[in-house]
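[1] Have a look; sequence and predicted model below, questions after that.
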Amino acid sequence: MKYFIFRNHTVEPFFSGFDACFSGYGGAPVIDESADAYIWLYFMPYRPDNDVTAEEVRHYGETLEMVYSSIGRDKTFIAFTMANLYAVNYVTSGAALRSAVEEYNRKIYALAENGNVRVIDIGDFYSAFSDEQLVDWKYYFISRMPLNPKLAQRFNGWFSRQLEILAMKRKKCVALDLDNTLWSGILGEDGADGIRMGGEYPGNAYGFFQVYLLELSRTGVILAICSKNNEADVFDVLENHPDMVLKKDAFSAYRINWNNKAGNIKNIAEELNIGLDSMVFIDDNPAERELVRQALPEVCVPEFPARPYLYPAFIKQLTADYFSAYALTQEDLSKTRQYRENAERSRHQGRFVDMDSYLRSLEIELTAERLNDFNRARFAQMTQKTNQFNLTSRRYAEADIQAFVDGGGLALGLRVKDKFGDNGITGLAIVQIDGHTARIDTLLLSCRILGREIEDAFVKYVLMKLKAAGVRQVQASYIKTGKNGQVSDFYDKLGFGVTKFSDESREYILFLDGADFTLSGRYPVAEI
């Protein structure tokens, strides 16, 4: 990704390792049209004359609007907010400078109403440091550096994490110990009446943590239990303890037994059909944490706070490192329910002796959705997060997908419902169309809906749409990653012919006029 950074001070050291070019300092910035994305990072001038500074900040806001109007909507535009790091308070009631900064930030957030603009709050980085740490006046006067260059590495890591958040990359599941983690005390020794998660300290700190976890689950993070305990005793606490915030239905999976916790975490991942690298394990016991780190290096295992009163700081860091999201889709908000419904489907499958009868019993309904303002964020999110059933694993922002459609291509999402519930938009196809030829650029489905022949029905529906639009041949690719081996022969099974083959990729072609190819799938697909 090539970035072009608009700046008013020296910031090069803070973007070390990024493929970036930089604007000049003064005048109307020249726009590098070859960039893949743009970054706007202007700092408030450090001056002792507040009125002049306020006027300069207002000018920055006007320049920002002018620059943005000259950039194509198919390019991502990342804008940093501005914060007041230095002001001389001659009159403490004076508000001119503060008002100018607030107006500048309002303009940034107003631009964010456009689909290709993303906002990063610079105050999030500043909050970890004192004013004395943030600015080194020697470097400011010598090199026009508005931030202390000693913080360059910290800024670089923080900004890299912000890019992950903008790309909606976060962990999917947190596996939780119980004793001295969700409550104070040991259930097997203290009994249900002896554990604490409310009232006075330390119980109120554990209650605080439970409220956080409940809110986390409401944003789409899956909660699971991984505890050495008696299952019946735990379920009794979850359902009946008066101070328990997290009831049983807050958890999508649980392993409550006396087995190895690393093995239990693997089982949870398999049950939820997610990768181990999507999981975070929280346990107060350092021996258990080290066991999981050694046995399952893909799983993130944060250090646990030494005292319950440290939970608030732990929560903030946990969220920043693993669970922050730039925006939430409807599918995110429904994630806990959807995984719980998947468990019901698995139990339901056990009642049938053959797969065909099971699939018919699910009463599956498929609906295709064209790209629109309501699903654009979800489409982009799926390209960023889907790994297993993803033929090319190309990652796109909202603006990228809009550009496909604006160029005459097709972007179709697939919504999946059955008698157990609505899985939301869990499939995506992005197709480039050039006359009688089309290329499937992206084809992916969420792991939650695999194993029901839905993928075949979706692809055949897309091919039917292309054929109806006059397309005669369809090209496609499979690009190997570390996680998508299960779909290496997907196009082969559909009747595509191989045109190029290597260990890392394959190229395919399908002639839609071929008499030996049927476009009908198991399920009909409606369209909205």
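    That came through fine.
[2] Does I225 lie in a helix or a strand, and which?
    I225 is located in strand 222-227, with elements delineated by DSSP states H and E.
[3] how distant is that strand from the center of its chain?
    20 Å (CA atoms, centre = their mean, to the nearest Å).
[4] Give me the sheet partners of that strand and which way each runs.
    Neighbouring strands of strand 222-227 in its sheet, by DSSP bridges, are strand 173-176 (parallel), strand 253-256 (parallel).
[5] contact partners of the very next helix or strand once past the first one?
    Beyond strand 173-176 on the C-terminal side, the first helix or strand identified by DSSP H and E is helix 187-190. Residues external to helix 187-190 that are found in contact with it (CB atoms under 8 Å, 6 or more residues apart in numbering): L178, D179, I195, N229, N230, D233, V234, V237. Yep, even glycine has a C-beta here, placed from its N, CA and C like the rest.
[6] in stretch 192-199, what counts as buried?
    Neighbour counts over stretch 192-199 (16 or more other CB atoms under 10 Å) mark I195, R196, M197, G198 as buried.
[7] Export only the CA atoms of that stretch, formatted as PDB.
    C-alpha atoms of stretch 192-199 as PDB (Å, rounded to 0.1, in the frame of the first residue of the first chain):
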ATOM      1  CA  ALA A 192     -21.500 -20.500  45.500                       C
ATOM      2  CA  ASP A 193     -22.200 -18.500  48.600                       C
ATOM      3  CA  GLY A 194     -18.500 -17.800  49.200                       C
ATOM      4  CA  ILE A 195     -17.500 -16.400  45.800                       C
ATOM      5  CA  ARG A 196     -17.800 -12.600  45.200                       C
ATOM      6  CA  MET A 197     -18.600 -10.600  42.100                       C
ATOM      7  CA  GLY A 198     -20.500  -7.600  43.500                       C
ATOM      8  CA  GLY A 199     -20.900  -5.600  46.700                       C
END
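[8] Any regions of the stretch 51-200 of the chain where pLDDT drops low?
    91-94 (pLDDT under 70).
[9] So E363 is in contact with K419, correct?
    Yes - between E363 and K419 there is a contact under CB atoms under 8 Å: 4.5 Å.
[10] more neighbours, those two?
    Counted by other CB atoms under 10 Å, E363 and K419 do not tie: K419 has more neighbours, with 13 against 10.
[11] list the contacts for that one?
    S361, L362, E363.
[12] Looking at the residues you listed, which is nearest V221?
    Distance ranking of the contacts of K419 against V221, using CB to CB, places L362 first at 26.5 Å.
[13] so that closest one makes contact with R452?
    Yes - taking contacts as CB under 8 Å, L362 lies within contact range of R452: 6.9 Å.
[14] Please say which of these two ends up with more neighbours.
    More crowded of L362 and R452, by other CB under 10 Å: R452, with 19 against 16.
[15] domain parsing for this protein?
    Domain segmentation of the chain under automatic domain parsing yields 2-166, 173-323, 360-527.
[16] quick one: which of those domains is nearest Q338?
    Closest to Q338 of the domains of the chain, according to CB to CB: domain 360-527, at 5.7 Å.
[17] what's the spacing between that closest one and its chain's center?
    21 Å.
[18] residues near the residue nearest to W258 when sequence neighbours are not counted, how many?
    Distances taken as CB to CB, 6 or more residues apart in numbering place K228 nearest to W258, at 5.4 Å, with adjacent residues excluded. Here the number of neighbours of K228 (other CB under 10 Å) works out to 19.
[19] Now for K228: which residues touch it?
    N257, W258, K261.
[20] hmm, try it at 10 Å
    177-179, 188, 255-261, 264, 283, 285, 288 (CB atoms under 10 Å, 6 or more residues apart in numbering).
[21] And for A253?
    Residues in contact with A253 (CB under 10 Å, 6+ apart) are 173, 175, 222-226, 264, 267-272, 274, 339-340, 342-343.
[22] low pLDDT regions in this structure?
    In the chain, residues with pLDDT under 70: 26-28, 91-94, 336, 340-359, 514-521, 528.
[23] what about the most centrally placed residue in the chain, is that helix, strand or coil?
    By CA atoms, centre = their mean, the chain has its centre lying nearest to M168, at 2.4 Å. Using DSSP: H, G, I helix; E, B strand; the rest coil, the secondary structure recorded for M168 is coil.
[24] name the element the nearest residue to it once chain neighbours are set aside belongs to?
    For M168, ignoring the flanking residues on the chain, the nearest one in space by CB to CB, 6+ apart is Q381 at 4.4 Å. When elements are assigned from DSSP H and E, Q381 belongs to helix 376-385.
[25] name the helices or strands packed onto that helix?
    Here helix 376-385 is seen to pack against helix 152-166, helix 330-333, helix 398-406, strand 410-418, strand 421-434, strand 437-445 when contacts are counted using 3 or more CB pairs under 10 Å, 6 or more residues apart in numbering; DSSP states H and E.
[26] still on that earlier bit, my read is that the residue nearest to the centre of the chain contacts T386, right?
    No - M168 is beyond contact range of T386, at 11.2 Å (criterion: CB atoms under 10 Å).
[27] And the helix or strand where G61 lies, how far out from the chain middle?
    In this structure, G61 sits in helix 50-69 according to DSSP H and E. How far helix 50-69 lies from its chain's middle: 32 Å, per CA atoms, centre = their mean.
[28] re earlier: just say which of the strands paired with strand 222-227 is most tucked in.
    strand 173-176 (a mean of 24; mean count of other CB atoms under 10 Å).
[29] Good, we can wrap up now.
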